[in-house]
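*Asks:* No letters, just coordinates:
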């Protein structure tokens, strides 16, 4: 009876659904237990995903039920492993790519998430023109029954760097308020950075592209211990210099956040205010924010989780990483991040012009083997650009970044030549996040 009713509702409400789902396109200013064997010879291929997929959801019927007949689907009575996904989709084709093409990948993603018993997951697949598919499943907190929705807030961790890189590119390329080549020492003579004299020539470009020549991850351990950026900045002069600026790659969180100081000096605005006025607001990222208080005061925020004795348990948020907002301080929903992915595919040139995107995504330095993404089969070269990672994957250019902070993981990848992007958010510190992008790319290039 339920499915007959769903058919009837879907038929009668097609125009309503079309208008409702097209809101996900978010014009500027508008709110908007399996255990697969890795030794299997088909691992990472479409055949592998098909082999381990658990089910196929009749999407039109389920969408009608979810949107128009909530009494038939009472998600508040569903636990994490059994919660039905929330699905937002647009009836839009993007070139030759249709949303149905992703069903195998999305089924694999959900079945693996369930096998890991992950608390909550949100995923969006987009093109320049539209949100192609948005799905969520699980709960916001393992100790509750409140479901993750498309509006639920996650900490996106180091994916925040993609925003900071774009902000810096706006300052230099569009507003002409700074130069990539101006030494940081010239802007802040009171701040001594690094133990070597060569560090006096560190520029804004070096900061944004992680080519400062300083010891990698300098003082990230202090952030992990809860020490705020303002206190750590006093110790910048003690960071060992390991090479001349521009000559080597060394990933940073604390030093990277000097971008915020540059924004404040250049615009007389806080980094957070500039970010809101120049990106969040014009793009229509209505629930994106910075700060712990803003995050926790939102009634739809997700809780961080860590695995304790084999089970996912809620943990506390680390406030220190909010003090390095350019590096790791942004909160966002999957709908917000769908807009951000589309923007970086060129959807909103009035906010992010093509020349600006080209400057932000242009490789600056090759990153050494050893990072998890460098080890993906199919990666031929890996680089860092202006707040973005850039990969050559089986001959195709991919723009990427991941993130991880206590209790959260996130991954995002854009394939400009295919006009496609994906974002996945987890409210758990799961290594499964490392498999998300390569599996998507394999499914995309091995159709």
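*Replies:* Alright, I've got the coordinates. Values in this document were obtained by computation on a predicted structure and should not be read as measured data. Numbering: from 1, shown residues only.
*Asks:* any weak-confidence spans in the stretch 51-200 of the chain?
*Replies:* Scanning the stretch 51-200 of the chain for pLDDT under 70 picks out 51-100.
*Asks:* quick one: the helices in it?
*Replies:* Secondary structure of the stretch 51-200 of the chain by DSSP state H, counting those that start in this stretch: the helices cover 59-68, 103-115, 160-169, 184-187.
*Asks:* Kindly list the longest strand within the chain.
*Replies:* The longest strand of the chain (DSSP state E) is strand 396-405.
*Asks:* Please state the offset of it from the chain centre?
*Replies:* 8 Å (CA atoms, centre = their mean, to the nearest Å).
*Asks:* Report the secondary structure state of residue 236.
*Replies:* helix (DSSP: H, G, I helix; E, B strand; the rest coil).
*Asks:* residues near it, how many?
*Replies:* Neighbour count of residue 236, defined by other CB atoms under 10 Å: 21. (Glycine included, C-beta is placed from N, CA and C.)
*Asks:* what's the nearest residue to it if we skip its chain neighbours?
*Replies:* With CB to CB, 6 or more residues apart in numbering as the criterion, residue 236 has its nearest non-adjacent residue at 4.8 Å, and that residue is residue 193.
*Asks:* can I assume that neighbour is in contact with residue 201?
*Replies:* No. Residue 193 lies out of contact with residue 201 (CB atoms under 8 Å); the separation is 10.2 Å.
*Asks:* between those two, what contacts are shared?
*Replies:* Common neighbours of residue 193 and residue 201 (criterion: CB atoms under 8 Å, 6 or more residues apart in numbering): residue 185.
*Asks:* The two: which has the busier surroundings?
*Replies:* Between residue 193 and residue 201, counting by other CB under 10 Å, residue 193 is the more crowded of the two (25 against 17).
*Asks:* what's that one in contact with, if anything?
*Replies:* 184, 185, 199, 200, 202, 212, 214, 236, 237, 239, 255.
*Asks:* Compute the distance between it and residue 237, please.
*Replies:* 7 Å (CB to CB, to the nearest Å).
*Asks:* cool, and residue 331?
*Replies:* Distance of residue 331 to residue 237, given as CB to CB: 32 Å.
*Asks:* So if I had to pick from those two, which one is more boxed in?
*Replies:* Legend: neighbour count by other CB under 10 Å for residue 331 and residue 237, higher for residue 331 (24 against 12).
*Asks:* now the strands for this structure?
*Replies:* Counting by DSSP E, the strands of the chain are 86-89, 120-126, 131-138, 154-155, 289-290, 305-308, 311-314, 330-332, 365-366, 379-384, 389-393, 396-405, 408-415, 420-426.
*Asks:* helices or strands up against the second one?
*Replies:* Okay, so that is strand 120-126. Using 3 or more CB pairs under 8 Å, 6 or more residues apart in numbering; DSSP states H and E, the elements in contact with strand 120-126 are helix 103-115, strand 131-138, helix 334-344, strand 420-426.
*Asks:* returning to what we had before: possible to save the strands of the chain as a markdown table with distance to residue 167?
*Replies:* Output for these, formatted as a markdown table (distance: least, CB to CB, whole Å):
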| stretch | distance to residue 167 |
| --- | --- |
| strand 86-89 | 28 |
| strand 120-126 | 22 |
| strand 131-138 | 24 |
| strand 154-155 | 19 |
| strand 289-290 | 12 |
| strand 305-308 | 30 |
| strand 311-314 | 32 |
| strand 330-332 | 11 |
| strand 365-366 | 20 |
| strand 379-384 | 17 |
| strand 389-393 | 17 |
| strand 396-405 | 15 |
| strand 408-415 | 17 |
| strand 420-426 | 19 |
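*Asks:* for these, which one sits closest to residue 442?
*Replies:* Nearest to residue 442 among the strands of the chain is strand 389-393; the distance by CB to CB comes to 9.1 Å.
*Asks:* Contacts made by the closest one with the rest, please.
*Replies:* Identification of contacts with strand 389-393 by CB under 8 Å, 6+ apart yields 361-363, 367, 373, 376, 378-384, 397-401, 441, 445.
*Asks:* could you redo the last one with a cut-off of 7 Å?
*Replies:* Residues external to strand 389-393 that are found in contact with it (CB atoms under 7 Å, 6 or more residues apart in numbering): 361, 363, 373, 378-383, 397-401, 441.
*Asks:* Return the closest of the residues you listed with respect to residue 102.
*Replies:* residue 441 (12.5 Å).
*Asks:* ok, how many other residues are close to residue 378?
*Replies:* As a burial measure, residue 378 scores 17 neighbours (other CB under 10 Å).
*Asks:* burial measure for the residue nearest to residue 168 when sequence neighbours are not counted, as a count.
*Replies:* Leaving aside its chain neighbours, residue 168 sits nearest to residue 208 (4.9 Å; criterion: CB to CB, 6+ apart). When neighbours are defined as other CB under 10 Å, residue 208 has 30 of them.
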